[in-house]
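1. Mind folding the following:
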Amino acid sequence: MKADRNPSTPSRASQLRERRTQSSQERVSKARKASNRSPRSQPVVIRGGFTGAAVPLRQIKSSKLRKQYYYTMGASGAEVRLPAIPWVKPGARLISLGLLVITALAIYLVAFSQEFEIRQFKIEGAQRLTYADFEAVLGLEGSPVVTLDSQMATANLATAFPELASIEIIIGFPAEVTLRVVERQPVLAWLGADTTYWMDPEGYILPPRGDGGDLLLVQGDGLPSLVPGEEPVETKGETLEPTSVWGRQVDPQVLKVIFELSPRLQPDSTLVYNPLNGLGWVDPRGWDVYIGRDLENFDQKLLIYEAIVAKFEREGIYPLEMVSVEFINAPFYK
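-> Here you go, the predicted model:
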């Protein structure tokens, strides 16, 4: 006989169903837990090491929300939404364009505005030259200050006015121009055949302009050498354009001898100069006396000249042009 089954003991089929149900419930529970956890990125191998996350091929810029403004309409509580203000981020090109526009506008204002127009300039240090003299050369009145080239203006003034020893142009804001000059002072007037030249103590030849004051007079049949060793710039019988020698410098030794000889002569004597015979003076009896280019042995030359004049009076000789005692051992007359 078959043994009686215990009704409290579960059958095999029931046990299998329970196990399947429990297993399915565990899988569902694991799936829920896995879905709640954020996925962990897999490490990506790159040159130089590992990185925790992949780098996207294209960066996506985050957009910023535009600010919105609301305007309340009185006590009713109604509100009006105003247009949104865009968020602008200027780039390098936009900034460069803005700077270009500002620069062009500034140049236009400086070039065409009356505030930067030269109306009149100041002059400091001028004594014989006038404002009209400088304006005739520079032509500054009515011109924009930005067009003034100080170097070119200085060169033009030095060419037009050789009597200027120093020239300085000072430009101020917005359109102030100051001309600061130093004029050479003449001490000698060189009387040529058709032209008069002035000379300063350094021997610079100046144009006679304005009032030169009390000057020592020299009647010159031509000009002396410009510097030691040079030939005279003008000889007897030749003419020379005065402007071609303005600003040039004669031999300072000649001026030195002239100023040393002048006090030794009578007050009414007139100094003379000849490129061939040198320096001398006009004798009151009607002829020129030349002692040469220096004052060496001047006292002895003067004694010889007095002896020659005494001989002229004894023998009734009257020179027509000159007497030269430049060479003590060989004086002569014409």
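
2. so where's the stretch 151-300 of the chain uncertain?
-> Flagging of the stretch 151-300 of the chain using pLDDT under 70 yields the residue ranges 228-240.

3. can you pull out the strands in it?
-> Assigned strands in the stretch 151-300 of the chain, in chain order: 164-172, 176-183, 188-191, 196-199, 205-206, 216-220, 271-274, 278-282, 288-292 (criterion: DSSP state E, counting those that start in this stretch).

4. And the contacts of the fifth one?
-> It stands for strand 205-206. Contact partners of strand 205-206, identified using C-beta atoms under 8 Å, 6 or more residues apart in numbering, comprise 162-163, 184, 186, 190, 197-200, 223, 245-250. Any C-beta I mention is one placed from the backbone N, CA and C, and that applies to glycine too.

5. ditto for the fourth one
-> Residues outside strand 196-199 that contact it (C-beta under 8 Å, 6+ apart): 163, 186-190, 205-208, 212, 215, 223, 242, 245, 250, 255.

6. Helices of the chain, residue ranges please.
-> Counting by DSSP state H, the segments of the chain that form helices are 12-36, 92-112, 131-138, 150-160, 252-261, 298-315.

7. would a markdown table of those helices with mean neighbour count and distance to G172 be doable?
-> A markdown table is the format used below for these (neighbours: other C-beta atoms under 10 Å; distance: least, C-beta to C-beta, whole Å):
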| stretch | mean neighbour count | distance to G172 |
| --- | --- | --- |
| helix 12-36 | 10 | 80 |
| helix 92-112 | 11 | 14 |
| helix 131-138 | 14 | 16 |
| helix 150-160 | 14 | 12 |
| helix 252-261 | 17 | 39 |
| helix 298-315 | 13 | 56 |
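
8. In terms of mean pLDDT, which of those ranks lowest?
-> When those are compared on mean pLDDT, helix 12-36 scores lowest, with a mean of 73.

9. for it, the distance to its chain's centre please.
-> Offset of helix 12-36 from its chain centre (C-alpha atoms, centre = their mean, to the nearest Å): 96 Å.

10. Can you lay out the helices of the chain as JSON lines showing distance to P275?
-> As requested, the helices of the chain are exported to JSON lines (distance: least, C-beta to C-beta, whole Å):
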{"stretch": "helix 12-36", "distance to P275": "121"}
{"stretch": "helix 92-112", "distance to P275": "55"}
{"stretch": "helix 131-138", "distance to P275": "33"}
{"stretch": "helix 150-160", "distance to P275": "27"}
{"stretch": "helix 252-261", "distance to P275": "10"}
{"stretch": "helix 298-315", "distance to P275": "19"}
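
11. nearest to V325, of the ones you listed?
-> Go through the helices of the chain one by one with C-beta to C-beta and the one that ends up closest to V325 is helix 298-315, at 4.5 Å.

12. What are the contacting residues of the closest one?
-> Helix 298-315 has contacts (C-beta under 8 Å, 6+ apart) with 261, 264, 285, 289, 291-292, 317-319, 323, 325-326, 328, 331, 333.

13. go again using 6 Å as the cut-off
-> Taking C-beta atoms under 6 Å, 6 or more residues apart in numbering as the criterion, the residues outside helix 298-315 that touch it are 291, 325.

14. repeat for stretch 89-106
-> Judged by C-beta under 6 Å, 6+ apart, stretch 89-106 makes no contacts with residues elsewhere in the structure.

15. Just the CA coordinates for that stretch, please, in PDB.
-> Coordinates of the C-alpha atoms in stretch 89-106 are reproduced here as PDB (Å, rounded to 0.1, in the frame of the first residue of the first chain):
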ATOM      1  CA  LYS A  89      29.400  89.700 -26.500                       C
ATOM      2  CA  PRO A  90      31.500  91.800 -28.800                       C
ATOM      3  CA  GLY A  91      34.300  89.900 -30.600                       C
ATOM      4  CA  ALA A  92      37.800  91.100 -31.700                       C
ATOM      5  CA  ARG A  93      36.500  92.200 -35.100                       C
ATOM      6  CA  LEU A  94      33.700  94.200 -33.700                       C
ATOM      7  CA  ILE A  95      36.100  96.000 -31.300                       C
ATOM      8  CA  SER A  96      38.600  96.700 -34.100                       C
ATOM      9  CA  LEU A  97      35.800  98.100 -36.200                       C
ATOM     10  CA  GLY A  98      34.700 100.400 -33.300                       C
ATOM     11  CA  LEU A  99      38.200 101.700 -32.800                       C
ATOM     12  CA  LEU A 100      38.600 102.300 -36.500                       C
ATOM     13  CA  VAL A 101      35.400 104.400 -36.600                       C
ATOM     14  CA  ILE A 102      36.400 106.400 -33.500                       C
ATOM     15  CA  THR A 103      39.900 107.000 -35.000                       C
ATOM     16  CA  ALA A 104      38.500 108.200 -38.300                       C
ATOM     17  CA  LEU A 105      36.000 110.500 -36.600                       C
ATOM     18  CA  ALA A 106      38.900 112.000 -34.500                       C
END
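
16. Show me how far it is from its chain's centre.
-> Stretch 89-106 has its average C-alpha position 29 Å from the chain's average C-alpha position, going by C-alpha atoms, centre = their mean.
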